[in-house]
Each structure stands twice: as structure tokens, then as C-alpha cells.
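> Need a 3D model of the following:
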Amino acid sequence: MEQPHEQLCMKLCFRDQHQFRDALLNLHITQARNFKYHRNSDQRIIVECPDKQCQFFMVAAVIKGEKTFVIKKMRLEHTCPSTTETTRVSAKWLAQKYEHLFRSDITTGIQTIIDACMEKYGVDVPKCMAYRAKNIAIEAVLGDHKKQYPRLKDYAQTVMDTNPGSGEVGKFGPYTIMSDRQKGLLNAVNAVFPNCNQRFCLRHLYANFQNVGFRGEDLKKCMDNASYAYNEHKFNIAMNDLRVESEEAWEWLTAIPKKTWARHAFDTNCKTDLVVNNLSEVFNKYILDVRRKPIRTMCDGIKDKQMVRWHRNRESVKAARWDITPHYSEKLEEVGP
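Next comes the predicted model:
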């Protein structure tokens, strides 16, 4: 109701008391006036102005046998001066009024809300109220976080129904999970995916290596050589070099199962020899705009982004005129005939 003072009239009906209260609220925010309830129930609502000298009042009641509310008596015009100091603007009202902004752009900032309310209603909204309004609006647009988690069971069942064999052990065997070796994450993976192979990102492993006091380019070179070695012989050479440099560093690294960080000892079920989780970092950046959304909305967002990406790649391949991809063509040229 953009101009409620022009639309409210005697015998005007509302769906229920809630719609009437919303109209009453919009009226007084638009006019920069205030009101108070003399009576406020599901059957009858009487409102008046807090200024006893003001002539404004309104009586609305439910129609017998219905939920419909109707205005029965009113003196619509306020005779008191307008003021924004006692405004009825609230976070909930702001969220409802400006929800459309977040539907258009979920990254809308609080300053947009503050400026819009000042321009249209002359009300200076505090930042804390604008933050609350933003959170309420985003929740309305994206859905409540807690309410979406139970839906994951439905998603999981759909995956199981459409892709038999999915689960901890997939169609091609157990999954491999690479992490940054955080204690809480390790415990969670062991509890939820006890049969999955694990790998540790070398970059994060080296950060831990430094944190316990093993620093220097020589130690890093030995660690890199051990991790990147494709066979056990070269791995042992690198580890012996590390032991010569620092017995303590060798003991620390030896205590970590080599199958989690040394390339030559990786499980062969996972067809990649990567020792760092750069792919995960790139993917995290790729989904930056959706990963903070509620879980179901996030999953749908990632699915949509992937579908668009795959379609674009398929169309690109259709238009390609090469038999071997450019990347590998360059590598073959470097090797020569």
C-alpha cells in the first residue's frame, strides 16, 4: 500500500487483523506519525494517537462468521505535528519493504536500505537495525539455514536412487579426501568416512612443519623432493637428506603416514598425483557467491554453475577444429618426434 492515507476509508475490508495492522503501520510511517493501541485483539482493534489533543482514531472489527476485518469507525487525519523521532520503522518492516532489492541482488548493502528509507520516509535508520533487516530479508529470499538441513536426506536418497552404488564407496571404489590436516576435520572424516583414503595438502603440511620450528630452504627442498618423488628409491634419498639436515625434522615427518603426503605411496584408486589442494582452492573461489548461502540453496547454486560451465565447454568443443587439445599439443611439440 504505497499511499495508505489515500486508500483507507470506512467499510474497507482486510483479509485478517494482520493485514489491517500492516496497513495501519504503513499509514503512520508514510505520514511520519505515531499511534497506540487502545484495544488490540483478534476480534477488535481500536487505535488512537498518543497525543491526547489529536483527533485521530480508528476502530476495526472482525465480521461475524469470517476472518475478514473491516473499518467501522475512524477519523483519519492527525491534527498533531509530524515527527520521525518516534517512528514505527522496525527491522521487520524494513525487511518486508525492501525484500525486492535482495531478490534482485543478494549482495545489497545496508547503506542502500538506509539511503532508501531516508529518501522516501525521512527516517534515519540505525546501522544495527539495517543489519537485522538485511538478515531477515536474506533469510526470506534464500530460506532458513536450519530448515534446509533436513532436506539433505531427500537429496541423498535421490542420489542413491538415480546412481546405485553412490555413498562412501562409489562406483569406482572408495573416495579419497584431501584436507589441510586440521584436528577437528580429521576426526570428522574418520567418523563419517572411515573407509575413505585421506591425503594431506603439502602446502598446509609445510606450514605445520614451520610452526613446530623446522624452517629454512634446505629443509623445505628435502620435504618437497620426498613428497614429489614418483618412486620409493627417490623418496628414501630425499628423506635421508632431510635426516642429515635435521634428525628432529625427520622424526616429525616420519610420524605422519607417507601414504597421506608422499606421491609414490598414494592409493592408485584416485587417479591424480596432486600433492596440494590447489584444485579445491580454485573451486572455493569459483563458488564464492553461493557457498555462504543455506545448504540446499548452495547445492542448487553450485549445480546451476556447473551445468552452465559444462554446457559452455561442450559448445566450445563442438566448434573446435583440433584433434588434440592445445595444451597437450604444445607438450607434444616440446617432446618432438
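> which other helices and strands contact the lengthiest helix in the chain?
Longest helix of the chain, by residue count under DSSP state H: helix 295-319. Under the contact criterion of 3 or more C-beta pairs under 8 Å, 6 or more residues apart in numbering; DSSP states H and E, helix 295-319 touches helix 145-148, helix 151-162. Any C-beta I mention is one placed from the backbone N, CA and C, and that applies to glycine too.
> List the buried residues for the shortest one?
So that's helix 145-148. Of the residues in helix 145-148, residue 148 count as buried by neighbour count, 16 or more other C-beta atoms under 10 Å.
> name the helices or strands packed onto it?
helix 295-319.
> Not counting whatever helix or strand comes next after the helix it packs on itself, show me its contacts.
Next in sequence after helix 295-319, counting helices and strands by DSSP states H and E, comes helix 326-335. Residues outside helix 326-335 that contact it (C-beta atoms under 8 Å, 6 or more residues apart in numbering): 322, 324.
> Can you get me the centre-to-centre distance for helix 326-335 and its chain?
In terms of C-alpha atoms, centre = their mean, to the nearest Å, the centre of helix 326-335 is found 41 Å from the chain centre.
> just to revisit the earlier point, which residues does the longest helix of the chain contact?
142-143, 145, 148-149, 151-152, 155, 286-287, 289-293.
> what do you get if the cut-off is 6 Å, keeping everything else the same?
142, 143, 148, 149, 151, 287, 290, 291 (C-beta atoms under 6 Å, 6 or more residues apart in numbering).
> What residues does the third one make contact with?
Applying C-beta under 6 Å, 6+ apart, one finds that residue 148 lies in contact with 294, 295, 296.
> Also the first one?
When contacts are counted by C-beta under 6 Å, 6+ apart, residue 142 touches 293, 294, 297.
> and which of the residues you listed is nearest residue 75?
residue 294 (46.7 Å; C-beta to C-beta).
> From what I see, the closest one and residue 141 are in contact.
No: Residue 294 lies out of contact with residue 141 (C-beta atoms under 6 Å); the separation is 10.2 Å.
> burial count for residue 208?
Other residues near residue 208 come to 15 when the count uses other C-beta atoms under 10 Å.
> how near is it to residue 259?
18 Å (C-beta to C-beta, to the nearest Å).
> do the same with residue 161
For residue 161, the distance to residue 259 equals 34 Å [C-beta to C-beta].
> Which of these two has more residues huddled nearby?
Per other C-beta under 10 Å, whichever of residue 161 and residue 259 has more neighbours is residue 259, with 13 against 9.
> Pretty sure the more buried one sits in a helix.
Yes: counting by DSSP: H, G, I helix; E, B strand; the rest coil, residue 259 is located in a helix.
> ok, and the closest non-adjacent residue to it?
residue 265 (4.4 Å; C-beta to C-beta, 6 or more residues apart in numbering).
> okay if I get the helices and strands packed on helix 295-319 as a markdown table plus mean pLDDT and distance to residue 18?
Formatted as a markdown table, these follow (pLDDT from 0 to 100; distance: least, C-beta to C-beta, whole Å):
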| stretch | mean pLDDT | distance to residue 18 |
| --- | --- | --- |
| helix 145-148 | 76 | 22 |
| helix 151-162 | 82 | 28 |
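> can you list the ones you listed in a markdown table and add distance to residue 241?
Shown next, in a markdown table, are the helices and strands packed on helix 295-319 (distance: least, C-beta to C-beta, whole Å):
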| stretch | distance to residue 241 |
| --- | --- |
| helix 145-148 | 50 |
| helix 151-162 | 47 |
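> do you know which of those helices lies nearest residue 15?
helix 145-148 (25.2 Å).
> quick one: the closest one to chain centroid distance?
With C-alpha atoms, centre = their mean, you get 12 Å for helix 145-148.
> where in this protein is pLDDT low?
1-6, 86, 165-173, 336-337 (pLDDT under 70).
> Quick one: the strands in it, in order.
Along the chain, counting by DSSP state E, strands occupy 13-14, 36-40, 44-48, 57-62, 69-75, 169-170, 173-174, 176-179, 197-200.
> Tabulate the ones you listed (CSV), appending mean neighbour count and distance to residue 116.
Compiled in CSV, those are given as follows (neighbours: other C-beta atoms under 10 Å; distance: least, C-beta to C-beta, whole Å):
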stretch, mean neighbour count, distance to residue 116
strand 13-14, 16, 26
strand 36-40, 12, 27
strand 44-48, 18, 27
strand 57-62, 18, 28
strand 69-75, 17, 30
strand 169-170, 13, 50
strand 173-174, 15, 53
strand 176-179, 18, 44
strand 197-200, 20, 49
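> okay if I get these as CSV plus distance to residue 114?
Output for the strands of the chain, formatted as CSV (distance: least, C-beta to C-beta, whole Å):
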stretch, distance to residue 114
strand 13-14, 30
strand 36-40, 27
strand 44-48, 28
strand 57-62, 30
strand 69-75, 33
strand 169-170, 50
strand 173-174, 53
strand 176-179, 42
strand 197-200, 47
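> Could you tell me how far stretch 100-113 lies from the centre of the chain?
Worked out by C-alpha atoms, centre = their mean, stretch 100-113 lies 15 Å from the chain centre.
> Show me the contact partners of it.
Applying C-beta under 6 Å, 6+ apart, the contact partners of stretch 100-113 are 94, 98, 130, 131, 133, 134, 137, 138, 141.
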